[in-house]
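Asks: sequence first, then the predicted structure:
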Amino acid sequence: MKNFILACSCFISSFQCVLAQSQSISGSVKDAISLHPLSHVLIQIEGTNYSTETDSLGRFQLNKINVFGDYILKLSKPSYVNKRYPIIINNGVPLQIDDMFLQLDVTLSQDAFTIVLTDDELNDDTSAADNISGLLQASKDVFQRTAAFEFSSSFFKIRGLDSSEGKLLINGIEMNSMYNGRMQWSNWGGINDVLRNQEFSYGLAASTLSFGGVLGTTNMNTRASKYREGGRVTYTSSNRSYSNRLMASYASGLVKNGWAYAISIGRRWGEEGYQDATFYDANSFFVSAEKKLSKTQSLNFTGFYTPNRRGKSSPNTQEVFNLRDIKYNEYWGSQDGEKRNSRVKDVAQPILMLNHYWDLSSVTELQTNISYTFGRQGHSRLDYPGGGNPSAAYYQKLPSYYLADASGPDYTNAYLAEQEFINNGQLDWNRMYDANATNANQGIEAAFVLYEDRIDDNQITINSILNTAFNDHILFSGSLNYSALTSNNFAEIKDLLGASNYLNVDAFDGWQYDLQNPNSLVGKGGKIKYNYTMHANVISGFAQAQFKYKTIDYFLSINANHTNYQRDGLFQNEAFKTNSLGKSEALSFLGYGIKGGLTYKFSAKHVLDIHAAYLTEAPNLQNSFSNPRENNNVVKGISEAHTMALDVNYIYRSRMITSKLTGFYIDKRGGNEIGFYYADGLTSAGIEFNETSAFVQEVLYNVNTLHFGLEFGIEAKLTSAFKLKAAASSGQYTYNNNPNLYLTSSSFVTEDGSINFGASNLKNYKVAGGPQSAFSFGFEYSDPDYWWFGATINYMTNTYVDVSPLTRTSNFYLDDDGLPFYDYDESIAKQLLKQEQFDDYLVVNLIGGKSWKIDKYYLGLFVSVNNLLDNLYKTGGFEQGRNANYRELKADNENPIRVFGPKYWYGRGATYFANVNIRF
């Protein structure tokens, strides 16, 4: 009996051992050209939660694997082509795979994409040219890559949202602007090589560093020890925004004394980009140094300074385009034989950060960071207090103005204006200098002056991020963050243009800009028009738990934040004597958010991903004060905005095909929008001298928008060298209510300087911002001899003009007596207010390249041609607010040529980008 029991016990123990038996996979990864071991390669078994990274010798080991059968082993590393190896996992048989190879992804030219994004945002004063929304990642997802590389030149916005809906981090520190919430990528151009190490969570997916935004989270890692050892020198030629670029970078890797460093320098320059007189002058400097303090701690310093100046280009009416072309730019004129641009963006904002990394245990990491940002942003423009508008495209200088003469078309002067504009349609700098010289001789102040709208920021951010694994299935992430901003805003004289001084008085209304110093005469470098400081403080934190199992993963994330804003006026504006000087009321907002996600793995091939979120967020600083340049007034009814979002993703992966289908729904409520323009046709009640025109600030508040649609991406690897790819986005982005609108102006005689126009009937109008539907199809061929070629055809549709909210209010149909215009025709009004839809268009892009190994050096060539067929298309535009009522808008539409038609942006024609680099 004892022997029988012992035998049974041994059998049961052996059976349990067999059942508990697990598998291990080990191997090594090398660079396909140099044959050097590759570290930090991510090794994943697709469709499971098993993953690891290679060590400094390129080796890896996956242990305790409890899945068996046919699977795909995926290898990935930034700047390399993903590799997917089919494997068979057998119970109890260890798997050893040595000398797997990864190739550098020469087709992944971040440079090409970065140029598009940087240049368009540098050319942006407002959201009108806010390009693609935060796709700064080196994503392998075919749809995201297509949106970044193919759709961006059309001002396509992911899910109809701007970049403020995504979060950009550098070493775990949020870098979105506290002023407008947007990513500040345009301020860091020229350091592309050292910003390639990126982690990206798309949409509502979980991130271990931040709660994120509706569009996701991108983290750029500049830790010196994480860079691949070696150097790179790059030269670029292009006709898009600059003509030349030269960059050099080097990384030491981790050396024996525990130090590592990475450096980069660069320059981008050109006398003219694609648009006339859009010069480019930019330098870049980057350094990262890390000291390994012990086996568990290291300290990293990163600093970069990327000063850049570039000339801007103007949006134009259809009349201007018809007389000239899409390269026309009204902002420049010839001076001493050179093109001088009056609108220049000048950015110089160094960023310094210190990061402490501490491995508290094998499963717990604590990262503590501090960053300091300072410097200036400037936007120059002309002021003409003693002269007429100097722009050659000013409406009174164009043929349409004479054709719209009240007594009948003036064809003679229209023809003369046409010929003058065609032959001499630019700024006349000499005339401005002559006018100022004449005034100076007579003791009169400047008639023209060049000044700069300046923003001088100082911002400090401190945060701490914790990640710990409770066990093999549960990961906890959390962070605490504090940011403080002091932003000095003022106008500064850049050039008196030959004048002796500038009188700091509003030439339009006669108000003193600075009542504490009346009739002050200001010289070069002096402050004029406005002068105030903005203070912002944000405290936030988030916590997240992720649960990962064999067939199901899920997570839950929460965050909370407290935001304070306050304005401190340094000028006492005469139009607002009692509430322009000194501190405003302190604004305080409490925001919170909750999001969760569920991933169900039907198999290694089929995966379902679902995410949902609810967020309340403080309005950004830009949209909290109605006109901070003049007074302390706060936007009426201001409060936190609310967002509800949902996305559902189906992912299919096989040895040949990778695809993803996404449906999304985003409901945004309680937003604010503020615009500045000159309005005609206003109700005269409440306006000085019963005028019907004024320079106004338009405040649209309690704005609701609805965004829903589908995204799809598919890639089919037909052979080891040839693949087909396709992507599509089809959405509908509309205003979902009739928000309230009021105007403020120093010309208004109401108590608070505002006039309320009630509801703006915007419901069901499309939210402008590039095409709402975009489709792409293309191929790539990568030859084993390291040359490659690709082409894509992109089709854009459902692009709309940005409508004027004021013309959709009661001001449009009410006369001064408060009754509707007696000649108001509702059917005509409906046609006048119909939102313009732009023509659909095709864009064909080509890319290609070649790489060579020459001794210990690697030479690479990359060339791209965008809009190969040189198609002409509108990427965006906006209605002017000059015709604010029915009669004026109707009369303008009846003219032979509209005087105040919409202004448009056009896509570039055929352009090229050629890049050659050498690595060592």
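Replies: Sure, I can see it.
Asks: so where do the helices sit in the stretch 401-550 of the chain?
Replies: In the stretch 401-550 of the chain, the segments counted as helices under DSSP state H, counting those that start in this stretch are 411-424, 429-441.
Asks: output the shortest one as PDB, nothing but the C-alphas.
Replies: Taking only C-alpha atoms (Å, rounded to 0.1, in the frame of the first residue of the first chain), the coordinates of helix 429-441 have been written out as PDB:
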ATOM      1  CA  TRP A 429       9.100 100.900 -48.600                       C
ATOM      2  CA  ASN A 430      10.500 104.000 -50.200                       C
ATOM      3  CA  ARG A 431       7.200 105.800 -50.000                       C
ATOM      4  CA  MET A 432       7.000 105.000 -46.300                       C
ATOM      5  CA  TYR A 433      10.500 106.300 -45.700                       C
ATOM      6  CA  ASP A 434       9.700 109.500 -47.700                       C
ATOM      7  CA  ALA A 435       6.500 110.100 -45.700                       C
ATOM      8  CA  ASN A 436       8.300 109.700 -42.400                       C
ATOM      9  CA  ALA A 437      11.200 112.000 -43.500                       C
ATOM     10  CA  THR A 438       8.800 114.700 -44.500                       C
ATOM     11  CA  ASN A 439       7.000 114.400 -41.100                       C
ATOM     12  CA  ALA A 440      10.300 114.500 -39.300                       C
ATOM     13  CA  ASN A 441      11.400 117.700 -41.000                       C
END
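Asks: re the thing from before, how about the helices of the stretch 401-550 of the chain, which one is nearest residue 764?
Replies: Residue 764 lies closest, by CB to CB, to one member of those: helix 411-424, at 38.3 Å. (C-beta placed from N, C-alpha, C; glycine too.)
Asks: still on that earlier bit, which of the helices of the stretch 401-550 of the chain sits closest to residue 859?
Replies: Closest among the helices of the stretch 401-550 of the chain, once you apply CB to CB, is helix 429-441, at 45.8 Å.
Asks: right, so the helices of the stretch 401-550 of the chain: which one is the most enclosed?
Replies: helix 429-441 (a mean of 17; mean count of other CB atoms under 10 Å).
Asks: list of residues touching that one?
Replies: By CB atoms under 8 Å, 6 or more residues apart in numbering, the surrounding residues in contact with helix 429-441 are 333-335, 340, 382, 386-387, 390, 445-448, 496-500.
Asks: how far away is the spatially most central residue of the chain from residue 152?
Replies: Averaging the C-alpha coordinates of the chain gives a centre point, and the residue nearest to it by CA atoms, centre = their mean is residue 163 (4.1 Å). In this structure, residue 163 and residue 152 are separated by 12 Å, where distance is defined by CB to CB, to the nearest Å.
Asks: now residue 853
Replies: Separation of residue 853 from residue 152 (CB to CB) stands at 32 Å.
Asks: between those two, which is the more surrounded one?
Replies: Applying other CB atoms under 10 Å to residue 853 and residue 152 shows that residue 152 carries more neighbours, namely 22 against 12.
Asks: how about the more buried one, secondary structure?
Replies: The three-state assignment at residue 152 reads helix, by DSSP: H, G, I helix; E, B strand; the rest coil.
Asks: what pLDDT does it get?
Replies: In this prediction, residue 152 carries a pLDDT score of 81.
Asks: what's the burial count for residue 702?
Replies: Close neighbours of residue 702, defined as other CB under 10 Å, add up to 19.
Asks: what's the closest non-adjacent residue to it?
Replies: What sits nearest to residue 702 in space, not counting adjacent residues and going by CB to CB, 6 or more residues apart in numbering, is residue 739, at 4.9 Å.
Asks: now do the helices in this protein.
Replies: Taking DSSP state H to define them, one finds helices in the chain at 2-20, 110-122, 142-146, 318-323, 399-403, 411-424, 429-441, 826-832, 886-894.
Asks: so what's residue 712 bridging to?
Replies: Counting by DSSP bridges, residue 712 is bridged to residue 661, residue 728.
Asks: and if you look at residue 644?
Replies: Beta-bridge partners of residue 644, counted by DSSP bridges, are residue 614, residue 667.
Asks: then residue 65?
Replies: Using DSSP bridges, the beta-bridge partners of residue 65 come out as residue 23.
Asks: how close does it sit to residue 26?
Replies: From residue 65 across to residue 26, the span is 11 Å (CB to CB).
Asks: same question for residue 516.
Replies: Taking CB to CB as the measure, residue 516 falls 76 Å from residue 26.
Asks: same question for residue 375.
Replies: Counting by CB to CB, the separation of residue 375 from residue 26 is 50 Å.
Asks: give me the contact list for stretch 405-412.
Replies: Surrounding stretch 405-412, the residues in contact under the criterion CB under 8 Å, 6+ apart are 402, 403, 896.
Asks: which one in the residues you listed is the model shakiest on?
Replies: By predicted confidence, the contacts of stretch 405-412 are weakest at residue 896, whose pLDDT stands at 92.
Asks: which one is that residue nearest to, not counting chain neighbours?
Replies: Spatially, and ignoring its direct neighbours in sequence, residue 896 is nearest to residue 403 (4.7 Å; CB to CB, 6+ apart).
Asks: can you count the residues close to the one you found?
Replies: 21.
Asks: quick check: it vs residue 883, distance?
Replies: Spatial separation of residue 403 from residue 883 under the definition CB to CB is 16 Å.
Asks: residue ranges for the strands of the stretch 651-800 of the chain, please.
Replies: In the stretch 651-800 of the chain, the segments counted as strands under DSSP state E, counting those that start in this stretch are 657-679, 694-717, 722-735, 740-744, 754-759, 773-782, 787-797.
Asks: so which elements touch the fourth one?
Replies: When you say that, I think you mean strand 740-744. strand 694-717, strand 754-759 (3 or more CB pairs under 8 Å, 6 or more residues apart in numbering; DSSP states H and E).
Asks: what's the weakest-modelled helix or strand in the chain?
Replies: Of all the helices and strands that make up the chain, helix 110-122 has the lowest average by mean pLDDT, DSSP states H and E, namely a mean of 39.
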